[in-house]
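Undergrad: Please work out how this folds:
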Amino acid sequence: MQRAITPSDLLDPADYARTRRQHRAEIGVRKRLRRVEVGPFVTFYFETYATMWLQVQEMLHIEKGGAAQIPDELAAYNPLIPQGAELVATFMIEIDDADRRKRVLGTLGGIEETAFFRIGGSTVAGRPEQDADRTTAEGKASSVQFVHFPFTPAQIAAFRDGDSELVLGLAHRNYSHMAGIGPAVRAELAGDFD
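TA: Next up, the predicted model:
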């Protein structure tokens, strides 16, 4: 399993432009199995090498920064590729109405610190990505958060065996919701472990 994107993994911009639709369709199928809604307006998108490769290719395609852009994109997206004993997710607080979104985000400061998995009686606490603080000093949360879930070998075994209940949740005082993980999503995510 690949754990980092290198410049040699990337397609030439013209080659990517020609095959873009195919790549987006292929990876889109996997992305649907890597998506979990938690509560009324948070969705977790579990990242992998393939999703981050597509993201880098898309950024290069859209911004057209050429070779000079590549180091910044790799620095931004490589940390979101699971490293064998973890799952990594982008979670988005998705509220269409701009006024309501602003009001709700103002009450969700620190939500990135409250993400968790529960496997049977064991809890895996999420660790927010450390590249930037995504809660302002005033307590407003960013609508996009990044979190790592570090698993022990026993927790990985329980995740893979499928016998114990698997739940993903947020335990914020203003947003406390959980969602069960079904077999198809569980099997897809289990592939992120070594």
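Undergrad: Can you give me the buried ones in stretch 109-118?
TA: By neighbour count on 16 or more other Cβ atoms under 10 Å, the buried set for stretch 109-118 is Gly109, Ile111, Glu112, Glu113, Thr114, Ala115, Phe116, Phe117, Arg118. Using the backbone N, CA and C atoms, a C-beta is placed for each residue, glycine as well.
Undergrad: closest to Arg34 among those residues?
TA: Proximity of the buried residues of stretch 109-118 to Arg34 (Cβ to Cβ) peaks at Phe117, which lies at 14.2 Å.
Undergrad: gap between that closest one and Glu63?
TA: 34 Å (Cβ to Cβ, to the nearest Å).
Undergrad: Enumerate every residue touching the residue most central in space within the chain.
TA: In the chain, the centroid-proximal residue (Cα atoms, centre = their mean) is Ala89; its distance is 2.0 Å. Under the criterion of Cβ atoms under 8 Å, 6 or more residues apart in numbering, the neighbours of Ala89 are Phe44, Tyr45, Phe46, Glu47, Ala115, Gly126, Phe146, Val147, Phe149.
Undergrad: do that again at 7 Å, thanks
TA: Counting by Cβ atoms under 7 Å, 6 or more residues apart in numbering, Ala89 makes contact with Phe44, Tyr45, Phe46, Glu47, Val147.
Undergrad: Could you identify the buried members of those residues?
TA: Applying 16+ other Cβ under 10 Å to these flags Phe44, Phe46, Glu47, Val147 as buried.
Undergrad: I'd like to know how many residues surround Asp96.
TA: 7 (other Cβ atoms under 10 Å).
Undergrad: Report the secondary structure state of it.
TA: Under the three-state scheme (DSSP: H, G, I helix; E, B strand; the rest coil), Asp96 adopts coil.
Undergrad: pLDDT wise, what is it at?
TA: If you check Asp96, the pLDDT there is 94.
Undergrad: returning to that earlier point: just the buried ones among the contacts of Ala89: which are in helices?
TA: If you go by DSSP state H, these have nothing in helices.
Undergrad: Could you single out the nearest of those to His177?
TA: Nearest member of the buried ones among the contacts of Ala89 to His177, counting by Cβ to Cβ, is Phe44, at 11.2 Å.
Undergrad: any idea how far the closest one lies from Glu138?
TA: Taking Cβ to Cβ, one finds Phe44 at 25 Å from Glu138.
Undergrad: ok, Gly106 - how many residues close by?
TA: 14.
Undergrad: do the same with Ser143
TA: 18.
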